[in-house]
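Chemist: have a look at this fold, sequence not included:
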């Protein structure tokens with residue numbers, strides 16, 4: 001995908017400080033089912049583990065201040081760290097430009113998320129983060145957190161390679177930001193707390209909608225798509241389905257992101273329609 005170079009002054013980027021030291025909220029109180037969900041989240045594109053396990057509120061209260069990276073680094077310096085970082089910043093700029101107009105037309109306040117790069121571990125508004133968790137979005141501080149070494153894991157362990165597969169990661173996390181801005185994330189969190197038995201099913205719908213939003217971004221920028229991008233996206237979506245990742249060891253009732261087939265369908269729906277309202281069908285069921 002031929003993305004334009006980012007404008008350092010137009011995007012929100014920072015480097016995460018040191019931290020880590022465990023999963024948001026701590027894993028000590030989790031039952032076996034919760035641990036399985038976290039293990040899936042560690043391999044799959046971005047879910048906020050605190051939200052998924054119903055511990056976000058407690059985590060936010062316990063964490064307090066967020067550790068910041070060096071304040072004297074410019075966005076250009078952070079984004080120029082390596083090829084992956086530059087790609088992520090290019091994607092962020094494109095996503096900001098793509099999603100701001102629909103919000104403006106709808107009269108809904110739009111805020112750009114912050115792309116937070118870290119290595120190994122850091123702390124977010126949703127708790128401690130470790131690279132093994134994979135990329136995630138934190139609604140508390142509206143940050144997209146990523147250790148870019150995850151892209152090597154995608155390539156070597158999941159067979160999901162190519163620049164579009166990597167853009168898909170950022171676009172999916174950005175989809176969670178859209179859900180947060182529209183208020184859907186809060187509504188779904190309340191529904192999960194009110195009906196814990198439906199929490200996993202609701203999580204799947206949220207993840208599939210984020211996949212669809214990722215596709216909408218690509219569809220709205222179809223002029224930048226290159227040969228092979230669609231196939232890279234489908235390969236990545238297939239590789240990260242709950243059924244594929246767990247090799248059938250986790251029952252469908254415990255899926256949190258959807259099957260490979262569902263994820264491919266959601267991404268395809270967004271790409272082919274380039275219409276975010278089509279993604280509402282996923283939430284409505």
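Modeler: Noted; the coordinates are in hand. Everything quoted here is computed from the prediction, not taken from an experiment. Numbers count the residues shown, from 1 in each chain.

Chemist: nearest the geometric middle of the protein, what residue?
Modeler: For the chain, the residue nearest the mean C-alpha position is residue 173 (2.3 Å; C-alpha atoms, centre = their mean).

Chemist: residue 144 is in contact with that one, correct?
Modeler: Yes. Counting by C-beta atoms under 8 Å, residue 144 is a contact partner of residue 173 at 4.4 Å. Backbone N, C-alpha and C define where each C-beta goes, glycine included.

Chemist: need the contact partners of the helix or strand hosting residue 282.
Modeler: Here residue 282 sits within helix 280-284, counting by DSSP states H and E. Helix 280-284 has contacts (C-beta atoms under 8 Å, 6 or more residues apart in numbering) with 184, 188, 205, 206, 208, 209, 212, 266, 269.

Chemist: please enumerate the strands of this structure.
Modeler: With DSSP state E as the criterion, the chain has strands at 12-15, 114-117, 121-124, 127-130, 136-138, 143-146.

Chemist: most widely separated two among the contacts of helix 280-284?
Modeler: Taking C-beta to C-beta as the measure, the contacts of helix 280-284 span a maximum distance of 19.2 Å, between 188 and 269.

Chemist: buried ones in stretch 92-106?
Modeler: Neighbour-count burial for stretch 92-106 flags 92, 93, 94, 95, 96, 97, 98, 99 (criterion: 16 or more other C-beta atoms under 10 Å).

Chemist: now these in TSV, with distance to residue 122 and pLDDT?
Modeler: Listed next are these as TSV, based on distance: C-beta to C-beta, whole Å; pLDDT from 0 to 100:
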residue	distance to residue 122	pLDDT
92	18	97
93	23	97
94	25	97
95	22	98
96	22	97
97	27	97
98	27	97
99	25	97
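
Chemist: low-confidence ranges, the stretch 151-285 of the chain, go.
Modeler: 285 (pLDDT under 70).

Chemist: tell me where it has helices.
Modeler: Per DSSP state H, counting those that start in this stretch, the stretch 151-285 of the chain carries helices over the ranges 163-182, 184-194, 199-220, 229-239, 242-246, 260-273, 280-284.

Chemist: the fourth one vs helix 199-220, what angle?
Modeler: The directions of helix 229-239 and helix 199-220 differ by 170 degrees, with axes from the mean of the first three to the mean of the last three C-alpha atoms, to 10 degrees as the criterion.

Chemist: quick one: contacts of helix 229-239?
Modeler: Residues contacting helix 229-239 (C-beta under 8 Å, 6+ apart): 1, 154, 158-165, 168-169, 211, 215, 218, 244-245, 260, 263-264, 266-268, 271.

Chemist: using JSON lines, lay out the contacts of helix 280-284 together with distance to residue 280 and neighbour count.
Modeler: Output for the contacts of helix 280-284, formatted as JSON lines (distance: C-beta to C-beta, whole Å; neighbours: other C-beta atoms under 10 Å):
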{"residue": "184", "distance to residue 280": "9", "neighbour count": "17"}
{"residue": "188", "distance to residue 280": "13", "neighbour count": "19"}
{"residue": "205", "distance to residue 280": "11", "neighbour count": "19"}
{"residue": "206", "distance to residue 280": "12", "neighbour count": "26"}
{"residue": "208", "distance to residue 280": "12", "neighbour count": "24"}
{"residue": "209", "distance to residue 280": "8", "neighbour count": "26"}
{"residue": "212", "distance to residue 280": "9", "neighbour count": "29"}
{"residue": "266", "distance to residue 280": "12", "neighbour count": "28"}
{"residue": "269", "distance to residue 280": "11", "neighbour count": "21"}
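
Chemist: and those, which is closest to residue 121?
Modeler: Distances from residue 121 to the contacts of helix 280-284, taken by C-beta to C-beta, are shortest for residue 206, at 25.2 Å.

Chemist: thank you kindly, that will do.
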